[in-house]
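> coordinates only, sequence not included:
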């Protein structure tokens, strides 16, 4: 057989093709092994460098987009659990109760200078037409009392929430029964003023039985007295016959 016929024969060409395929597979595997060796060397160098620097090499994180939905649902469930468990939150690495965090606002309300200054418990005629609760800003700044509440202390207790209201320094605000629906007991009652967080800002003394037409008023010496001179929205005028009642712990103005 001539060389030309041998090189052009089908078996020989098939052999050449198989040989080329085998060489390609061999080269591909060799390249992969070289790449693996290079990666291994690089990882070894990184490990050595991190060990010298006191750091531990962490395996690379594989990002799987298919799991994002599951992670989101898990995060939402965890957030829900924290709100159900007392509404606590983490601040600066420590767990702080939401109640503890808000309690600091009490001092600013108590020190605001807002006091209850006069009660008309038993007005002449129909009680519900004239009963009122007066508050006064003794401080030097304007105070937002929106959401603050007034509550009586005796009998069937009623609470009234104050609508949007700001009190300037030295200003009086009068709340009548027609607005609050707080019915003060003629045989003795008192009123508590609380801020929007439920912190007690001021509380009057529990009065004795109220004579018709007399106001229960706070005088300039921070004493509670009965006076025939009812002055809603103005400076209290204490009748000379009024009897002083003083208890700074309950109803005085600090």
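Received the coordinates, thanks. What you are looking at is a predicted structure, and each value in this text was computed from that prediction instead of being measured.
> tell me the contacts of the residue nearest to residue 171 when sequence neighbours are not counted?
Leaving aside its sequence neighbours, residue 171 sits nearest to residue 137 (C-beta to C-beta, 6 or more residues apart in numbering; 5.1 Å). Using the backbone N, CA and C atoms, a C-beta is placed for each residue, glycine as well. By C-beta atoms under 8 Å, 6 or more residues apart in numbering, the residues touching residue 137 are 112-114, 143, 167-172.
> Select from those the one having the most neighbours.
In terms of neighbour count, residue 114 stands highest of those at 24 neighbours, by other C-beta atoms under 10 Å.
> list the contacts for that one?
135-139, 143, 145, 148, 167, 193, 201-202.
> before we move on, the earlier item: return the member of the contacts of residue 137 nearest to residue 206.
residue 114 (20.2 Å; C-beta to C-beta).
> returning to that earlier point: identify, from the contacts of residue 137, the entry nearest to residue 179.
Nearest member of those to residue 179, counting by C-beta to C-beta, is residue 172, at 15.0 Å.
> And that closest one, its phi and psi?
phi -110, psi 150 (degrees, to the nearest 10).
> what do you get for residue 225?
phi -140, psi 150.
> Okay, it and residue 216: tell me how far apart.
Distance, residue 225 to residue 216, by C-beta to C-beta, to the nearest Å: 8 Å.
> Of these two, which one has the most company?
When residue 225 and residue 216 are compared for neighbours, residue 216 comes out ahead with 28 against 20, by other C-beta under 10 Å.
> Count the neighbours of residue 187 for me.
12.
> what does residue 156 give?
So residue 156, with other C-beta under 10 Å, has 8 neighbours.
> can you count the residues close to the closest residue to it other than its chain neighbours?
Spatial nearest neighbour of residue 156, chain neighbours left out: residue 183 (7.8 Å); criterion: C-beta to C-beta, 6+ apart. By other C-beta under 10 Å, 16 other residues sit near residue 183.
> all strands of the stretch 101-250 of the chain, in order?
In the stretch 101-250 of the chain, the strands defined using DSSP state E, counting those that start in this stretch lie at 114-120, 132-137, 143-144, 149-152, 159-161, 166-167, 172-176, 191-194, 200-203, 215-218, 224-227.
> by contact count, what packs against the third one?
To tie it back to what came earlier, the one meant is strand 143-144. strand 166-167 (3 or more C-beta pairs under 8 Å, 6 or more residues apart in numbering; DSSP states H and E).
> Can you list the strands that the strand it packs on pairs with?
Partners of strand 166-167 in the sheet, by DSSP bridges, are strand 143-144 (antiparallel).
> just to revisit the earlier point, any chance of the strands of the stretch 101-250 of the chain in TSV, plus distance to residue 17?
Shown next, in TSV, are the strands of the stretch 101-250 of the chain (distance: least, C-beta to C-beta, whole Å):
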stretch	distance to residue 17
strand 114-120	99
strand 132-137	101
strand 143-144	90
strand 149-152	94
strand 159-161	92
strand 166-167	94
strand 172-176	102
strand 191-194	94
strand 200-203	96
strand 215-218	111
strand 224-227	113
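> Determine which of those strands approaches residue 11 most closely.
strand 143-144 (100.7 Å).
> what residues does that closest one touch?
Counting by C-beta under 8 Å, 6+ apart, residues outside strand 143-144 touching it are 112-114, 137, 165-167.
> Pick the one among those residues closest to residue 189.
Distance to residue 189 across the contacts of strand 143-144 (C-beta to C-beta) is lowest for residue 114, with 19.9 Å.
> Flag the shaky bits of the stretch 151-254 of the chain, pLDDT-wise.
Scanning the stretch 151-254 of the chain for pLDDT under 70 picks out 240-254.
> follow-up on the earlier one: can you tell me which of the contacts of residue 114 is nearest residue 15?
The closest of those, once distances to residue 15 are taken by C-beta to C-beta, is residue 148, at 99.5 Å.
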